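Peer 1: sequence and predicted structure, then a few things I'm wondering about:
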Amino acid sequence: MSRRVNDNEGIVLSLINTGNIYIAIDEFEQAEVSLREAQRLSSSISSGYTKSRIQIGLGKLKLATNHYDESINYYRNALPFALKVKANTQLLEIYKGLSEAWKGKGDYRRAYEHLELFTSITDSIYNEENNNRLNMLRVSFESENTERDNQLLKQQNIFSQLALKRQQTIRNLFIGFSVIVIVFLVVLYSFYQSKNRKSKLLAERNEQIIRQKDELNKLYKEQFKLNETKNKFFSIVAHDLKSPFQTILGFSELLSSEYEYLSEEQRIESAANILKVSNEAFRLIENLLEWGRTQTGATHATFKLFNVREMVLTTTPVFDPQLERKKLKIVYDLPPLLQGWADPDMIMAVVRNVVSNAIKFSPVESQIEISARMSNNMIYLSISDHGEGIPEDILNRLFTLDPRVQRSGTMGEKGTGLGLTLCKEFMELNQGDIKAISETGKGSLFTIIFQSVNSRNKMKS
C-alpha cells in the first residue's frame, strides 16, 4: 500500500518492522537485507524518529549475531536522534542494547553504567505514571466535592420552597381546614422522601471518598516499599560489588610488583584466588542484571511442557567440581514421566540456585536429596541438605534483599545476596512458589512449586 501511494516513510517503517520480525525468528540475513534497504531509502527522510529506529534495528541485529562492536556503533548512532525527539521508549531500547553489548564484550563497568541509564529512564516513566494517577484521583476528589456542594445548594432551595409553601398554607387557612390538612400531609411526605434521598446520596459520597483515601494510602505504601527495595539494592551493589574488585586488585598488584619474589605455588594460589573472586563478581553482576529486568517488567515466563527428571539431570552436572571437592553425593527420587508446565529456563535457574546453596552449606562427605511429586495438579520439587540449617530470624527474611541474609558456606563460600530473591520472583512469574523449612543443626528443605501438564490440560478444557 505504501509503495502504491508513494509513501516513502511508510515503506521505510514497514522494512524496519520486517527486519525486527526476522531478527525475532533468527533469520538474520533477511533481517539485514530489510534494514539495509530501509537505511538506503531513509536518505530522503528528515524524521529523526525513523532514522533512530533504523539504527536501533541494526544494533539489535549485530547484537543477536554477537558483533558487539558494530552493535555499539549503531546504538550510539541512534542515541542523538532519540534524545532530540525525546523518545523514551527508544532510549530504553538503546541503553538496554548497549548494556548487553558491553556485557558481551566483557566490559561490565560500561554494561552497568548503561544499565543504570536504562533504570533511570524506567524510574522516571514509572514516577510520571504515578503522578498522573495521583492527579486523576485529585481531580476526581475535587469533582466529588463540587457535586456535593451542588447537592447541598439544591437541598437549601428545597427547604426554601417548603417554607414558601407553609406561608401559602397559612394565608389560605380560611379556605378550609380539610384542604390545609391535605396540603400539610403532602408537604411532610415530600420532605421526608427528599431527606431520605439526600441522606443516602451523602452516605454514598462518603463511601466513595473513603475508598479513594484507601487507594491513595495504598499508592503511598507501594511507593515507600519501592524506595525501601531500591535502597537495599544499592546497599548490596555498594558493598558486594566493591569487595571482590578490591580483592582482585590486591592480588593483581601483588603479582605485578612481587612476581619474581613469589614461589610458583604462591603465584598459582594468587591466580586461583583472582579466578575465584572474578567468578563471584560475575555471578553477582548476572544476578543484578536479571533482578533489574524483573523489576522493569522486561522478563516474562514462556510456558512450555518439559520432563522434570530430564530438566534436573541436565542442570546438576555443572556442580560436579564442587561436589567432588566437598565429597558430596546427590540422591535422586524423580518419577521418569513427570511433566511440568512452566518456563523451563527459569525453573532450571531456580534449581541451580537452590542446589548451589545446598552444596554451599553441606558438610564434607554428606549427601543432598532431590525428589519430586505431584499433588492437586501442582509439582513439588524438593531439595534438601544435612547442613547447619537456617536460624529462624534469617528464615523469615530469606527471600528479601536484606543484607543480613547473606552467610558464608562450610568452606567459606560467598553468596551474592540476590539469588533467592530472584528465585522468588521467577516462581511468581511462573504462577508458582518457593518455600523453605529449616531447623538449626539439622539441615534445610527447599520446595519449588509449579504447574504440571494436568494444569495446562485443565485450562484448555
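Peer 2: Received the coordinates, thanks.

Peer 1: where does pLDDT dip in the stretch 351-461 of the chain?
Peer 2: Within the stretch 351-461 of the chain, the set of residues satisfying pLDDT under 70 comprises 402-406, 412, 414-418, 457-461.

Peer 1: strands along that one, start to end?
Peer 2: Counting by DSSP state E, counting those that start in this stretch, the stretch 351-461 of the chain has these strands, from start to end: 367-375, 378-384, 433-439, 443-451.

Peer 1: what is the burial count for Phe81?
Peer 2: Phe81 sits with 21 neighbouring residues when counted by other Cβ atoms under 10 Å. C-betas here are computed from N, CA, C, even on glycine.

Peer 1: check which helix or strand covers it.
Peer 2: helix 68-85 (DSSP states H and E).

Peer 1: whatever helix or strand comes next after that helix versus helix 68-85: what angle between them?
Peer 2: For helix 68-85, the succeeding helix or strand toward the C-terminus, using DSSP H and E, is helix 88-105. Orientation note: helix 88-105 sits at an angle of 160 degrees relative to helix 68-85 (axes from the mean of the first three to the mean of the last three Cα atoms, to 10 degrees).

Peer 1: tell me the helix or strand right after helix 88-105.
Peer 2: Elements were assigned by DSSP H and E; along the chain past helix 88-105, the next helix or strand is helix 108-171.

Peer 1: next structured bit after that next one?
Peer 2: Past helix 108-171, further along toward the C-terminus, the next helix or strand under DSSP H and E is helix 177-236.

Peer 1: what distance separates that next one from the centre of its chain?
Peer 2: Taking Cα atoms, centre = their mean, to the nearest Å, the mean C-alpha location of helix 177-236 is offset from the chain mean by 35 Å.

Peer 1: same deal with stretch 36-55?
Peer 2: Taking mean C-alpha positions (Cα atoms, centre = their mean), stretch 36-55 and its chain are 33 Å apart.

Peer 1: stretch 173-185 too?
Peer 2: The gap between the average C-alpha position of stretch 173-185 and the chain average comes to 74 Å, counting by Cα atoms, centre = their mean.

Peer 1: how is the protein partitioned into domains?
Peer 2: Recorded structural domains for the chain (assignment: automatic domain parsing) are 8-106, 112-299, 304-460.

Peer 1: any idea how far the shortest one is from the chain center?
Peer 2: This points to domain 8-106. Remark: domain 8-106 is offset 25 Å from the chain centroid, using Cα atoms, centre = their mean.

Peer 1: isn't Glu9 up against Ser47?
Peer 2: Yes. Here Glu9 reaches Ser47: they are 6.4 Å apart, a contact under Cβ atoms under 8 Å.

Peer 1: okay, the strands of the stretch 351-461 of the chain in JSON lines with distance to Gly340 next?
Peer 2: Listed next are the strands of the stretch 351-461 of the chain as JSON lines, based on distance: least, Cβ to Cβ, whole Å:
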{"stretch": "strand 367-375", "distance to Gly340": "9"}
{"stretch": "strand 378-384", "distance to Gly340": "5"}
{"stretch": "strand 433-439", "distance to Gly340": "14"}
{"stretch": "strand 443-451", "distance to Gly340": "6"}
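
Peer 1: quick one: those strands as TSV, columns for mean neighbour count too.
Peer 2: Rendered in TSV, the data for the strands of the stretch 351-461 of the chain read as follows (neighbours: other Cβ atoms under 10 Å):
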stretch	mean neighbour count
strand 367-375	17
strand 378-384	21
strand 433-439	16
strand 443-451	21
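
Peer 1: who wins for proximity to Asn396 among the ones you listed?
Peer 2: Distances from Asn396 to each of these were compared using Cβ to Cβ; the minimum, 10.2 Å, belongs to strand 433-439.

Peer 1: the closest one vs strand 378-384, what angle?
Peer 2: An angle of 40 degrees separates the directions of strand 433-439 and strand 378-384 when computed by the same axes, to 10 degrees.

Peer 1: can you list the strands that strand 433-439 pairs with?
Peer 2: Strand pairing for strand 433-439, determined by DSSP bridges: strand 443-451 (antiparallel).

Peer 1: can you give me how far the partner strand is from the chain middle?
Peer 2: Strand 443-451 has its average C-alpha position 22 Å from the chain's average C-alpha position, going by Cα atoms, centre = their mean.

Peer 1: what does that strand contact?
Peer 2: With contacts defined as Cβ atoms under 8 Å, 6 or more residues apart in numbering, strand 443-451 is touched by 340-342, 347, 350-351, 354, 357-358, 361, 377-390, 423, 427, 430-438.

Peer 1: now the helix holding Phe81: average pLDDT?
Peer 2: Model confidence over helix 68-85 averages 83 on the pLDDT scale.

Peer 1: buried stuff in it?
Peer 2: Within helix 68-85, the residues that qualify as buried by neighbour count (16 or more other Cβ atoms under 10 Å) are 68, 71-75, 77-79, 81-82.

Peer 1: same list (those) but as CSV, adding distance to Asp320.
Peer 2: Written out in CSV, the entries for the buried residues of helix 68-85 read as follows (distance: Cβ to Cβ, whole Å):
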residue, distance to Asp320
Tyr68, 31
Ser71, 35
Ile72, 37
Asn73, 41
Tyr74, 41
Tyr75, 39
Asn77, 45
Ala78, 44
Leu79, 45
Phe81, 50
Ala82, 47
